[in-house]
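A.B. asks: From the sequence below, what's the structure:
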Amino acid sequence: MAGRIEDYALVGDGRTAALIGRDGSIDWLCWPRFDSAACFASLLGTEEHGFWKLSPADGAATISRCYREGSLVLETRYVTSAGEARVIDYMPANDGSHMVRIVEGLSGSIDMRMVLAVRFDYGLAVPWVSHNELGDLRAISGPHKVVLRTRARLDGVGQTTVSNFTVAKGESLSFCLSYGPSHEDDPPPIEPRKVLFQTDRYWRDWSSRCASGTPWDAILKRSLLTLKALIYTPTGGIVAAPTTSLPEELGGVRNWDYRFCWLRDSTFTLIALMDGGFLDEARAWRDWLIRAVAGNPEQAHILYGIAGERLLPEIELDWLPGYEGSKPVRIGNAAVDQFQLDVYGEIFDALYQARQRGLLGDADGWRVGLALLEHLEKVWSEPDEGIWEVRGGRRHFVHSKVMAWVAFDRAIRSFEMGDGPPAPVDRWRAIRDHIHEEVCEKGFDKELNSFVQYYGAKTLDASLLLIAHMGFLPQDDPRVVGTVEAIGKHLMRDGFVLRYDTEDDNTDGLPGGEGAFLPCSFWYADNLIGLDRCHEARELIERLIGVCNDLGLVAEEYDVGAKRLVGNFPQAFSHVTLVNTILNYSRASGPARERSEKSALARATSPNRASSPGQASSPSQGGANLEGAAAQHS
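C.D. replies: Got it, this is the predicted structure:
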């Protein structure tokens with residue numbers, strides 16, 4: 001049985017990643033990419049679905065672990081009555097071919113045991129195991145091959161490879177598992193110690209540029225390192241998580257594949273990277289975004305593969321029993337075919353944020369933006385599946401309409417700068433103002449004194465917490481304040497904010513419930529900061545940091561009843577919002593507040609201010625070209 005989600009560590013190389021349990025077992029690894037088929041899949045099943053365990057033979061060993069400072073190199077220390085040993089786990093940076101495990105004796109003498117069970121195709125395919133001419137272990141199945149190199153003696157036991165050995169003080173032994181196509185020569189060997197030094201230095205050099213000066217510098221740096229580990233280096237795309245089908249409810253059916261890139265995460269991700277001090281990664285992500293959405297705007301998707309792939313069919317793997325019996329296990333994601341209006345606003349806002357921070361665009365960005373806006377003019381008034389990708393039918397979700405407003409608002413700001421080609425700015429302004437009026441009329445419930453999930457609903461939605469951050473209304477607007485209060489009253493569970501009440505009217509079309517979606521709690525903290533309730537915000541931030549595991553990693557959700565992390569792990573969106581909220585709290589003008597102040601100033605100085613109370617209009621300055629045409633979240 002797999003360990004608890006919070007018991008896992010992450011190591012990665014810029015192309016894929018492995019999850020290593022506290023017990024020393026690698027229970028998840030997809031090679032050669034994040035979205036490739038797993039060769040270790042016991043995370044979603046049992047040991048028969050593949051794992052690689054390295055630990056003391058004495059099962060009663062005391063275990064502690066940590067990352068090296070500023071690095072993605074993992075060290076796990078084992079103490080037994082006979083001695084002490086350390087296992088160092090890492091994947092060579094920007095390589096994509098090796099998983100290295102080094103055992104070091106620190107004191108006394110410890111009996112160790114290594115068990116390797118390679119199972120390609122998500123645990124389905126048992127490989128043919130042999131030895132090459134150098135004596136290295138080779139496992140092949142179809143297109144896949146791995147080679148294990150070590151000085152330790154290896155024995156076949158059933159359909160596993162086992163090594164029993166002893167390590168004394170001052171001794172060390174390495175195990176290097178390398179992946180390559182089965183039709184090619186074996187992957188070349190590496191020098192584990194030399195590459196360890198290079199990898200550690202790579203991560204330390206990268207993280208040394210991290211922003212600092214906050215009350216939570218350690219968790220801030222770890223979150224940025226985690227985001228870096230989730231970037232597919234060849235393209236710049238950032239996966240939402242390196243896993244699939246870790247459940248949002250233990251034993252439930254809300255199990256999704258997150259090894260893809262969601263457009264809506266773009267703004268938050270860009271800001272986290274840029275304000276964290278990493279412009280190169282932000283530029284790569286911006287460039288990936290433009291390539292991904294290029295083409296016929298009617299065919300734009302809400303998510304793409306890590307290289308921009310659009311065909312991501314959802315398939316159920318019936319041979320896997322699922323994490324703690326949570327079935328089905330899915331690969332691919334059917335949400336790729338959904339219609340979600342909010343992504344248009346996210347695209348324009350993300351690109352604007354990039355431009356504001358000095359990432360200049362190009363002519364292709366203009367053309368892509370114009371095509372998307374022309375399409376949005378035709379479809380903004382239609383219902384959609386919304387930010388939460390519901391499967392219970394389309395609605396006129398308030399957050400979706402707000403984000404459509406964002407798209408037009410940012411485009412107007414950009415073109416008023418005079419940087420772009422001729423554009424129908426007056427028409428966009430009319431559409432933007434019409435959307436604003438409609439949302440305020442149909443999306444606000446006077447009895448609840450709050451915006452609601454969708455037009456005519458009596459239900460709330462945590463995405464409404466973004467209304468002020470997007471510049472749609474000022475943070476201190478009574479309607480925004482009322483919405484924050486209502487969400488705190490009705491969607492808060494034991495100090496954590498739910499996305500929405502899954503039992504209200506089955507809007508999402510799925511049975512069962514889920515944990516508290518952690519980014520929503522960070523959004524709530526941002527609103528508390530904006531309302532100058534910083535003491536409450538700090539308490540909430542501390543509570544959220546408290547659910548991170550001992551290594552500073554966090555999943556998508558938190559089960560307040562079971563007191564456990566749930567959902568895919570580690571979750572990029574959770575770490576992104578953690579970074580942004582920490583910076584927002586810690587700086588006089590953090591990401592959210594800075595955007596709010598600029599947006600308010602732009603509205604106040606615009607010669608075209610709307611006459612309706614609270615209605616935003618286009619500013620006369622402060623924009624960018626459309627390839628960065630997305631204004632600050634207010």
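
A.B. asks: so where do the helices sit in the stretch 1-150 of the chain?
C.D. replies: 120-123 (DSSP state H, counting those that start in this stretch).

A.B. asks: how about the strands in the stretch 351-500 of the chain?
C.D. replies: 444-445, 450-451, 492-493, 496-497 (DSSP state E, counting those that start in this stretch).

A.B. asks: Let me have those in a markdown table, extended by distance to Ser36.
C.D. replies: The C-beta positions use only the backbone N, C-alpha and C, and glycine is treated the same way. Conversion of those to a markdown table gives the following (distance: least, Cβ to Cβ, whole Å):
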| stretch | distance to Ser36 |
| --- | --- |
| strand 444-445 | 47 |
| strand 450-451 | 42 |
| strand 492-493 | 37 |
| strand 496-497 | 34 |
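
A.B. asks: right, so the ones you listed: which one is the most enclosed?
C.D. replies: strand 450-451 (a mean of 26; mean count of other Cβ atoms under 10 Å).

A.B. asks: now the closest residue to Gly482 other than its chain neighbours: how far from His469?
C.D. replies: Distances taken as Cβ to Cβ, 6 or more residues apart in numbering place Asn449 nearest to Gly482, at 3.8 Å, with adjacent residues excluded. Look at Asn449 and His469: by Cβ to Cβ, to the nearest Å, they are 20 Å apart.

A.B. asks: what about these two, which has more around it?
C.D. replies: His469 (26 against 14; other Cβ atoms under 10 Å).

A.B. asks: wouldn't that one be in contact with Tyr524 here?
C.D. replies: No. Here His469 does not reach Tyr524: they are 11.4 Å apart, not a contact under Cβ atoms under 8 Å.

A.B. asks: Identify each of the helices in the protein and give its residue range.
C.D. replies: Under the criterion DSSP state H, the chain contains helices at 120-123, 192-207, 217-229, 266-276, 279-293, 342-356, 363-379, 398-415, 425-442, 478-490, 518-530, 534-546, 572-586, 591-605.

A.B. asks: Serialize the ones you listed to TSV and add fields for distance to Lys327.
C.D. replies: Listed next are those as TSV, based on distance: least, Cβ to Cβ, whole Å:
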stretch	distance to Lys327
helix 120-123	14
helix 192-207	37
helix 217-229	28
helix 266-276	31
helix 279-293	31
helix 342-356	29
helix 363-379	36
helix 398-415	30
helix 425-442	39
helix 478-490	31
helix 518-530	24
helix 534-546	30
helix 572-586	24
helix 591-605	39
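
A.B. asks: In CSV, list these along with mean pLDDT.
C.D. replies: What follows is the helices of the chain, written out as CSV (pLDDT from 0 to 100):
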stretch, mean pLDDT
helix 120-123, 98
helix 192-207, 97
helix 217-229, 96
helix 266-276, 84
helix 279-293, 86
helix 342-356, 84
helix 363-379, 86
helix 398-415, 93
helix 425-442, 97
helix 478-490, 97
helix 518-530, 96
helix 534-546, 96
helix 572-586, 95
helix 591-605, 47
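
A.B. asks: Of all those helices, which one is nearest Glu314?
C.D. replies: helix 120-123 (14.3 Å; Cβ to Cβ).

A.B. asks: roughly how far out does the closest one sit from the chain middle?
C.D. replies: 24 Å (Cα atoms, centre = their mean, to the nearest Å).

A.B. asks: Then stretch 526-535?
C.D. replies: Worked out by Cα atoms, centre = their mean, stretch 526-535 lies 25 Å from the chain centre.

A.B. asks: What are the buried residues along it?
C.D. replies: Asp526, Asn527, Leu528, Ile529, Gly530, Leu531 (16 or more other Cβ atoms under 10 Å).

A.B. asks: got it, and stretch 355-373?
C.D. replies: Buried, per 16+ other Cβ under 10 Å, within stretch 355-373: 355-357, 359, 361, 365-366, 368-373.

A.B. asks: Would you work out how far apart the start and end of it are?
C.D. replies: Distance across stretch 355-373, first residue to last, is 18 Å (Cα to Cα, to the nearest Å).

A.B. asks: repeat for stretch 21-30
C.D. replies: 16 Å.

A.B. asks: tell me the mean pLDDT over it?
C.D. replies: Across stretch 21-30, pLDDT averages out at 97.

A.B. asks: With respect to Gly24, which of the buried residues of stretch 526-535 is nearest?
C.D. replies: Using Cβ to Cβ, those come closest to Gly24 at Asp526, 38.7 Å.

A.B. asks: Wait, the closest one touches Leu578, no?
C.D. replies: No. At 11.3 Å, Asp526 and Leu578 do not qualify as touching, with contact defined as Cβ under 8 Å.

A.B. asks: for the helices of the chain, which one sits closest to Leu498?
C.D. replies: Per Cβ to Cβ, nearest to Leu498 of these: helix 518-530, 6.9 Å.

A.B. asks: and the buried residues of stretch 355-373, which two are the farthest apart?
C.D. replies: Arg357 and Ala371 (24.6 Å).

A.B. asks: Go through the protein and flag its longest strand.
C.D. replies: If you go by DSSP state E, the chain has its longest strand at strand 98-117.

A.B. asks: which of the residues in that strand are buried?
C.D. replies: 98-106, 110, 112-117.

A.B. asks: And that strand, what does it pack against?
C.D. replies: Packed against strand 98-117, as judged by 3 or more Cβ pairs under 8 Å, 6 or more residues apart in numbering; DSSP states H and E, are the following elements: strand 51-56, strand 74-80, strand 83-90, strand 160-168, strand 172-181, helix 192-207.

A.B. asks: picking that back up, for the residue nearest to Gly482, give me the backbone phi and psi.
C.D. replies: phi 50, psi 50 (degrees, to the nearest 10).

A.B. asks: To Gly386, which of the helices of the chain lies closest?
C.D. replies: Of all those, helix 398-415 comes closest under Cβ to Cβ, at 5.4 Å.

A.B. asks: quick one: the closest one to helix 363-379, angle?
C.D. replies: 140 degrees (axes from the mean of the first three to the mean of the last three Cα atoms, to 10 degrees).

A.B. asks: neighbours of the residue nearest to Ala18 when sequence neighbours are not counted, just the number please.
C.D. replies: Distances taken as Cβ to Cβ, 6+ apart place Leu29 nearest to Ala18, at 4.2 Å, with adjacent residues excluded. For Leu29, the neighbour count with other Cβ under 10 Å is 27.

A.B. asks: my guess is Leu29 meets Asp13, correct?
C.D. replies: No. The pair Leu29 / Asp13 is not scored as a contact, 10.9 Å apart, by Cβ under 8 Å.

A.B. asks: ok, and the closest non-adjacent residue to Asp409?
C.D. replies: Closest residue to Asp409 apart from its sequence neighbours, by Cβ to Cβ, 6+ apart: Arg432 at 5.4 Å.

A.B. asks: quick one: contacts for that neighbour?
C.D. replies: Trp405, Phe408, Asp409, Ile412, Ser618 (Cβ atoms under 8 Å, 6 or more residues apart in numbering).

A.B. asks: Look up how far Glu438 lies from the first one.
C.D. replies: If you measure Trp405 against Glu438 using Cβ to Cβ, the figure is 9 Å.

A.B. asks: same deal with the third one?
C.D. replies: Asp409 sits 14 Å away from Glu438, taking Cβ to Cβ as the criterion.

A.B. asks: Check Ser141 too.
C.D. replies: Per Cβ to Cβ, Ser141 is found 56 Å from Glu438.

A.B. asks: State the distance from the residue nearest to Ile435 when sequence neighbours are not counted to Ala9.
C.D. replies: The shortest distance from Ile435 to any non-neighbouring residue, by Cβ to Cβ, 6+ apart, is to Trp405 (4.4 Å). Between Trp405 and Ala9 the computed distance is 42 Å (Cβ to Cβ).

A.B. asks: same check, this time on Glu346
C.D. replies: 31 Å.

A.B. asks: try Met403
C.D. replies: From Met403 across to Ala9, the span is 36 Å (Cβ to Cβ).
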